[in-house]
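Asks: no sequence on this one, just coordinates:
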């Protein structure tokens, strides 16, 4: 089967840096994606890693280690608007399988 | 470029009824995937259509079905509704079938009474 583990909740203050980890067990792995979802909103794509290493997009970075079946999303210079749920998702046999999500609460 | 649209946005049905949800992908996108989102189970893949063909299917009963039209618009149907089918149904489109970047619609909130 396939499983993805993420922390259920993370809290941080404005301006801080936070890392959301994701470990996965899956077959037919192609890559790891990250999505953000605000309450009442639709998931929006943040990043995708197919190869090991760090991908940087503005304040957000994503990392993948295929040998460790592990990845993380790094959010820098946190803003209040970053309060949302963050999902890692693996592409396995061309299907997108989502983790259970991490709720990030950013306080002033 | 207009985003993914879904209709209706909200729907209330009773057990045993059936429902059809509609999704219009971003212009030029040929792949449409459907997901069910519930607080307990998270985001679960239902199926994916590409060029009017179902390419992948998740672990849902046969009551859940879908189709895609030649203009890439997609519909999903749930027959014999159960209370547990209450959920947010999300559709996502992408250019191809690699699925590494999907664009989600706002979803249809289905409540089964």
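Replies: Sure thing, it's come through. No experiment lies behind these values; they were computed from the predicted model shown.
Asks: what residues does chain A put near chain B?
Replies: With CB under 8 Å from any CB of the partner chain as the criterion, chain A meets chain B at residues A:30-31, A:33, A:35, A:41-45, A:48, A:50, A:87, A:89, A:91, A:93-101. (C-beta placed from N, C-alpha, C; glycine too.)
Asks: can you select the buried ones among these for me in PyMOL?
Replies: Buried residues among the residues of chain A next to chain B (16 or more other CB atoms under 10 Å in any protein chain shown), as a PyMOL selection:
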select buried, chain A and resi 30+31+33+35+42+43+45+48+50+87+89+91+95+96+97+98+99+100+101
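Asks: mind listing what's buried in stretch A:15-34?
Replies: So stretch A:15-34, judged by 16+ other CB under 10 Å, has buried residues A:18, A:20, A:22-24, A:26, A:29-34.
Asks: for residue A:101, give me its contacts.
Replies: A:6, A:8, A:37, A:85-87, B:42-43 (CB atoms under 8 Å, 6 or more residues apart in numbering or on different chains).
Asks: okay, now the unreliable bits of chain A?
Replies: Chain A contains residues with pLDDT under 70 at A:1.
Asks: mind listing the strands for chain A?
Replies: With DSSP state E, the ranges of strands along chain A come out as A:3-5, A:9-13, A:18-25, A:29-37, A:44-49, A:53-57, A:60-65, A:70-75, A:84-92, A:95-98, A:102-107.
Asks: how about the ones you listed, which one is nearest residue B:51?
Replies: strand A:95-98 (17.3 Å; CB to CB).
Asks: please name every helix or strand in contact with that closest one.
Replies: With contacts taken as 3 or more CB pairs under 8 Å, 6 or more residues apart in numbering or on different chains; DSSP states H and E, strand A:95-98 sits against strand A:84-92, strand B:42-50.
Asks: so which of the ones you listed gets nearest residue B:7?
Replies: Among the helices and strands packed on strand A:95-98, strand B:42-50 sits nearest to residue B:7 (CB to CB), with 17.2 Å.
Asks: about what we covered before: pull the most distant pair out of the buried residues of stretch A:15-34.
Replies: Using CB to CB, those reach their maximum pairwise distance at A:18 and A:30, which is 26.7 Å.
Asks: measure residue A:54 to chain B for me?
Replies: 17 Å (CB to the nearest CB, to the nearest Å).
Asks: give the contact list for that residue.
Replies: A:61-63.
Asks: run through the bridge partners of it.
Replies: The partner list for residue A:54 in beta bridges (DSSP bridges) reads residue A:63.
Asks: what does residue A:72 give?
Replies: Listed beta-bridge partners, residue A:72: residue A:21, residue A:63 (assigned using DSSP bridges).
Asks: next: residue B:10.
Replies: Residue B:10 has these beta-bridge partners by DSSP bridges: residue B:109.
Asks: surely residue A:30 meets residue A:91?
Replies: Yes - the criterion here is CB atoms under 8 Å, and residue A:30 meets it with residue A:91 at 4.1 Å.
Asks: which residues of chain B lie near chain A?
Replies: With CB under 8 Å from any CB as the criterion, chain B meets chain A at residues B:4, B:33, B:35, B:42-45, B:48, B:55-56, B:58, B:90, B:92, B:97-107.
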